[in-house]
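S.K.: Attaching a predicted model along with its sequence, questions to come.
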Number of protein chains: 2
Amino acid sequence: MITDFTNPERKKWSEITKRPELDLKKIKPLVKKIFKDVNKNGDKSLYKYTKEFDKIDIKSIKTKRKDLLKSENKVSEKLKLAIKSAKKNIEKFHEAQKVVFKKIETEEGVECWQEKKAIEKVGLYIPGGTAPLFSTILMLAIPAKIAGCKEIIICTPPDKNGYIPNEILFTAKLCGVSKIYCIGGAQAIAAMTFGTESIPKVYKIFGPGNQYVTMAKQYSLNFNVSIDMPAGPSELLVVGDSSSNASFIASDLLSQAEHGIDSQVILVSTSKDLIKSVKNEILIQVKLLTRKNIVEKSLKNAKFIYFKSKKDASDFINEYAPEHYIISIENEDYFTSNIMNAGSVFIGKYSPESAGDYASGTNHTLPTNGYSKQYSGVNVDSFTKTITFQKISKSGLSNLSETIQLMAQAENLEGHKKAVSIRFK
Amino acid sequence: MITDFTNPERKKWSEITKRPELDLKKIKPLVKKIFKDVNKNGDKSLYKYTKEFDKIDIKSIKTKRKDLLKSENKVSEKLKLAIKSAKKNIEKFHEAQKVVFKKIETEEGVECWQEKKAIEKVGLYIPGGTAPLFSTILMLAIPAKIAGCKEIIICTPPDKNGYIPNEILFTAKLCGVSKIYCIGGAQAIAAMTFGTESIPKVYKIFGPGNQYVTMAKQYSLNFNVSIDMPAGPSELLVVGDSSSNASFIASDLLSQAEHGIDSQVILVSTSKDLIKSVKNEILIQVKLLTRKNIVEKSLKNAKFIYFKSKKDASDFINEYAPEHYIISIENEDYFTSNIMNAGSVFIGKYSPESAGDYASGTNHTLPTNGYSKQYSGVNVDSFTKTITFQKISKSGLSNLSETIQLMAQAENLEGHKKAVSIRFK
């Protein structure tokens, strides 16, 4: 089920690094229709689409305060402690990302500086599906709070009984988010884009989701909204050699493969033996997984690649630009120092992807599909924008005056020139 | 020609803050066709479209080294000094934007950190038109160099004789960019998206342009490319009162209005007299401008708004979210400390927009059309992405173990749980 490659030539890399294709074009007309409808009919269309797609009558879009409070008693003490413990680490790591800029005097009398300001209104989409993905609330709400966003809202689909799972409510409350709306899918993204009677309009939308949510987030860009990043199926690349532990690596690959049938796992190895042993380990471990059916399907996207040269291996990894990247190899420094493109990097054999997914402190909302070539994972900066300031004295402007006037003249922008000269008349 | 408002009610603000509409939908089919063609036929289609749209036979797409060297002798000494002087300030301000992150130990044995890495391949679009806009090279190439981008390329349209203006070549060479391609319009954006025989493919595209370039940049997002920000016509908002200098403000508004007929200028004033005097000053000053025809058309988009309360004025400005924002008012601290949404802010009566456009050191590539609510202007970070790292020891993972396993279990991701437990068997 896994495809093998041995020392593939560079000209074949662009083919090998291609991800399983997601054809979103087919669903675009439906997403457009939902946006139009939600923009026009607001809440009414949210109830309608939830009934149509999820086969559920939601009781109320807006979560009541009493349900939020009650969630506290409906989550096990053990799980609450675990969530709080993860929160502490995620907070610690994200808190350290705050940056204060200094004022710079570029010329005498010309003071320039930057300030980071929180994006005032942000919307977090938390997917539902087979289980409540409360960990994603930690990953989005914590940096939003640290950034200082004034209005943070959550949209999340109802469970099969029409309610938001208690783990979601508890985690949201723990993170200080009280505006939680029981609505999922493209209709939730449309609601955050335009605003409805219940749901406020936001400036930026975050979070993972199925193909409808992904398409809806892309489409929201047409309406003055921005999004965290383009999304695609999750992926993991592991690099190893004869020193690696095959059974650990197999467990990491399987943990990624269980996400969904379109997930992709890649093993890059400078040892042919390791490839063989990891395959054997996968055959043994996969049988014990409850999500065996999903895993077996997603392993069809798996690629195991042998490279004789570590330089080729490292270059290939940068060309692939993995979302998650585990370096479990003797010469870990070589691979760590050469990484140019990756979302989150896990170094050493006791750094499984699961650690970053939940509790090490790093974020798990990361660029997929090769987008780590140009996008960052979610961090505190994702919830801010930078404004530049300049305060120029009369003598400062006088220092700049000739430069500005000559350049404006050469660019044929006489008004720009006169805006300076008039101040010295 | 200017529209006036007096204490407009809040519910009318969303209407007043609307920008002159740019209907790009009409040109989308043409842009799609150009992309398809350039992807298939490469350079051949670049020559074809330049002949078709620009009515120019370009001699060579790639700039020859000798032309780059010769440009040095074809720009006046005075202008060269001005460009170098602006470069020094822009470098100083952008150099100060570099950030180094610390390693954080979130738990004992769990080390997490971030590293900023340059985006390896970036493309800068430099518009042509009525004059060579060499200042935009400074604003894009300087931060790209400081970020450490390995491959920086420039695409810029030919002048009417089929060549790249010497000011452009000189400035590019000064900034250390040697890959300069003589091609403009949507075809240039398509070339940077897919790569052609002459032009390398890039990961992120920067720079302003006309409506075809704007549409093409949006469309490039479908092909794993990212862009600096969505673009729209340039705009300026000035806030003033009876203490302001009406003639300075008029010159600032006119300098913005000369950019193009779809530019927008806004005056927010807590003094009715100031509005009157600025109008008079505009009538006087506009007559003296060479670009009078453009200015008179763009002044049709101008809005002068009187607010009695400075709180309303400040709230309105945040709702408008101006690209350029001049604070030329007695109580400048109030307006400076309350700004939440703006691209670049100019404080005091000797801080004209022209200063930031050319030489104060701040960047002039800024979010328009209200996008300063969620986007930053171009800065060094625009040319980097952040990668997170974690290095966990055996005892570190043991510290996290229960938290990860409980959370994975509750999210129904058994493989995630086992990837931890297997390491302690």
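M.R.: That came in fine, so what should we check first?
S.K.: CA atoms for contacts and neighbours, from now on please.
M.R.: Noted.
S.K.: buried residues in stretch A:175-190?
M.R.: For stretch A:175-190, the neighbour count (16 or more other CA atoms under 10 Å in any protein chain shown) marks A:175, A:177-190 as buried.
S.K.: Which residue in those has the weakest pLDDT?
M.R.: Across the set of the buried residues of stretch A:175-190, A:S178 stands lowest in pLDDT, at 88.
S.K.: how far away is that one from A:D159?
M.R.: Distance, A:S178 to A:D159, by CA to CA, to the nearest Å: 19 Å.
S.K.: Shouldn't A:V122 be within a strand?
M.R.: Yes - the assignment for A:V122 is a strand, going by DSSP: H, G, I helix; E, B strand; the rest coil.
S.K.: so it sits right up against A:G148, yeah?
M.R.: No - counting by CA atoms under 8 Å, A:V122 does not reach A:G148; the two are 10.7 Å apart.
S.K.: Just want to know which of the two has more residues nearby.
M.R.: Using other CA atoms under 10 Å in any protein chain shown as the criterion, A:V122 and A:G148 rank with A:V122 on top: 27 against 17.
S.K.: so what's the more buried one bridging to?
M.R.: A:V122 forms beta bridges with A:I152, A:K204, as assigned by DSSP bridges.
S.K.: Let me know the pLDDT of it.
M.R.: So A:V122 comes in at 98 (pLDDT).
S.K.: and what of A:G232?
M.R.: On pLDDT, A:G232 comes in at 86.
S.K.: What of A:G240?
M.R.: A:G240 is given a pLDDT of 98.
S.K.: Check which helix or strand A:V268 maps to.
M.R.: strand A:264-269 (DSSP states H and E).
S.K.: Need the mean per-residue confidence for that strand.
M.R.: 97.
S.K.: packing partners for that strand?
M.R.: strand A:235-240, helix A:246-257, strand A:303-306 (3 or more CA pairs under 8 Å, 6 or more residues apart in numbering or on different chains; DSSP states H and E).
S.K.: which stretch among those comes nearest chain B?
M.R.: helix A:246-257 (4.3 Å; CA to the nearest CA).
S.K.: Do any residues in the closest one lie close to chain B?
M.R.: Yes - applying CA under 8 Å from any CA of the partner chain, one finds helix A:246-257 touching chain B at A:247-248, A:251-252, A:254-256.
S.K.: Mind picking the one among those residues that's closest to B:P367?
M.R.: Nearest to B:P367 out of the residues of helix A:246-257 next to chain B is A:Q256 (CA to CA; 37.8 Å).
S.K.: what about that closest one, distance to B:K417?
M.R.: In terms of CA to CA, A:Q256 sits 11 Å off from B:K417.
S.K.: and if you look at A:K28?
M.R.: Counting by CA to CA - A:K28 and B:K417 are separated by 36 Å.
S.K.: out of those two, which sits in the busier spot?
M.R.: A direct count of neighbours by other CA under 10 Å for A:K28 and B:K417 places B:K417 higher, at 24 against 16.
S.K.: what's the overlap in contacts for A:Q256 and B:K417?
M.R.: Common contacts of A:Q256 and B:K417 (CA atoms under 8 Å, 6 or more residues apart in numbering or on different chains): none found.
S.K.: so which strand or helix has whatever residue of the stretch 51-200 of chain A ends up closest to chain B?
M.R.: The stretch 51-200 of chain A approaches chain B most closely through A:A82 (4.5 Å), counting by CA to the nearest CA. Secondary structure from DSSP H and E places A:A82 in helix A:77-95.
S.K.: who touches that helix?
M.R.: A:135, A:138-139, A:142-143, A:146, A:171, A:358-363, A:379-380, B:104, B:106-107, B:112-113, B:402-404, B:406-407, B:410.
S.K.: can you tell me which of these are in helices?
M.R.: Counting by DSSP state H, the contacts of helix A:77-95 place A:135, A:138-139, A:142-143, A:146, A:171, A:358, B:402-404, B:406-407, B:410 in helices.
S.K.: Just send these back as a markdown table, with distance to A:M215, pLDDT and neighbour count too.
M.R.: Output for these, formatted as a markdown table (distance: CA to CA, whole Å; pLDDT from 0 to 100; neighbours: other CA atoms under 10 Å in any protein chain shown):
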| residue | distance to A:M215 | pLDDT | neighbour count |
| --- | --- | --- | --- |
| A:S135 | 23 | 97 | 23 |
| A:L138 | 24 | 98 | 27 |
| A:M139 | 22 | 98 | 26 |
| A:I142 | 26 | 98 | 26 |
| A:P143 | 24 | 98 | 27 |
| A:I146 | 29 | 98 | 19 |
| A:T171 | 27 | 98 | 25 |
| A:Y358 | 26 | 98 | 31 |
| B:E402 | 36 | 98 | 19 |
| B:T403 | 33 | 98 | 24 |
| B:I404 | 31 | 98 | 30 |
| B:L406 | 32 | 98 | 20 |
| B:M407 | 29 | 98 | 27 |
| B:A410 | 28 | 96 | 17 |
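S.K.: where does the stretch 201-350 of chain A have low pLDDT?
M.R.: By pLDDT under 70, the stretch 201-350 of chain A contains no weakly predicted segment.
S.K.: number of nearby residues for the residue of the stretch 51-200 of chain A closest to chain B?
M.R.: 22.
S.K.: Thought B:K385 was touching A:Y375, still the case?
M.R.: Yes - here A:Y375 lies in contact with B:K385, judged by CA under 8 Å, at a distance of 5.5 Å.
S.K.: quick one: which of those two has more around it?
M.R.: Taking neighbours as other CA under 10 Å, A:Y375 and B:K385 compare with A:Y375 leading, 27 against 22.
S.K.: Pull the contacting residues for A:D262.
M.R.: A:20, A:233-234, A:297-298, A:301.
S.K.: List buried residues within those.
M.R.: Buried, going by 16+ other CA under 10 Å: A:20, A:233-234, A:297-298, A:301, out of the contacts of A:D262.
S.K.: The stretch 201-350 of chain A against chain B: which residues are in contact?
M.R.: A:203-204, A:224, A:226, A:247-248, A:251-252, A:254-256, A:258-259, A:289-291, A:340-348, A:350.
S.K.: Show the buried residues in those.
M.R.: The buried subset of those (16+ other CA under 10 Å) comprises A:203-204, A:224, A:226, A:247-248, A:251-252, A:254-256, A:258-259, A:289, A:291, A:340-348, A:350.
S.K.: so what strands line up beside the strand holding A:V268?
M.R.: Assessed with DSSP bridges, strand A:264-269 is paired to strand A:235-240 (parallel), strand A:303-306 (parallel).
S.K.: thought A:V31 was touching A:M215?
M.R.: Yes - if you go by CA under 8 Å, A:V31 and A:M215 touch, sitting 7.2 Å apart.
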